[in-house]
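> I'd like to go over a predicted model; first the sequence, then the structure.
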Amino acid sequence: MRVYDAATFGAALRKRRKELGYTQAQVAAFSGCSAAFLSALENGKETAELGRALRVLNVLALDLEAARREGGAL
């Protein structure tokens, strides 16, 4: 899934978490964050701390890649 904003990032996390059969509380505990943080992240919170978000990705066995787009910067 391509991620263009906080909402699609959160949707990707939620989808993967549910595929794995984990609850928000389980993922939060495994990643060292609160269930409230994970809920906010899944709901597209734009000011979420990057380091904690990356730990959640790691728990869910997801990679984040920054790739150059064709057609210019903006």
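Happy to help now that I have it.

> enumerate every residue touching the closest residue to Glu46 other than its chain neighbours.
Closest residue in space to Glu46, ignoring its immediate chain neighbours: Ala6 at 4.4 Å, by CB to CB, 6 or more residues apart in numbering. Yep, even glycine has a C-beta here, placed from its N, CA and C like the rest. The contact partners of Ala6, taken as CB atoms under 8 Å, 6 or more residues apart in numbering, are 44-46, 48.

> show me which of these are buried.
Buried by 16 or more other CB atoms under 10 Å: 45, 48, out of the contacts of Ala6.

> in TSV, list the contacts of Ala6 along with secondary structure and distance to Leu54.
Listed next are these as TSV, based on DSSP: H, G, I helix; E, B strand; the rest coil; distance: CB to CB, whole Å:
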residue	secondary structure	distance to Leu54
Gly44	coil	17
Lys45	coil	15
Glu46	coil	16
Ala48	coil	10
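
> okay if I get the contacts of Ala6 as CSV plus pLDDT and distance to Ala25?
Putting these into CSV (pLDDT from 0 to 100; distance: CB to CB, whole Å) gives the following:
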residue, pLDDT, distance to Ala25
Gly44, 95, 20
Lys45, 93, 18
Glu46, 92, 23
Ala48, 90, 18
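
> closest one of the contacts of Ala6 to Val59?
Of all those, Val59 sits closest to Ala48, with 14.9 Å by CB to CB.

> just list the residues touching the closest one, thanks.
Per CB under 8 Å, 6+ apart, neighbours of Ala48: 6, 37, 40-41.

> most widely separated two among those?
The widest separation within the contacts of Ala48 (CB to CB) is 13.3 Å, between Ala6 and Phe37.

> so in this structure, which helix runs the longest?
Looking only at the chain and at elements set by DSSP state H, the helix with the highest residue count is helix 6-20.

> just for the chain, where's the confidence low?
Within the chain, the segments meeting pLDDT under 70 span 72-74.

> just the helices in it please.
Under DSSP H, the chain gives helices at 6-20, 24-31, 35-42, 50-59.

> make TSV from the ones you listed and add distance to Gly71 to it.
Formatted as TSV, the helices of the chain follow (distance: least, CB to CB, whole Å):
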stretch	distance to Gly71
helix 6-20	20
helix 24-31	35
helix 35-42	30
helix 50-59	26
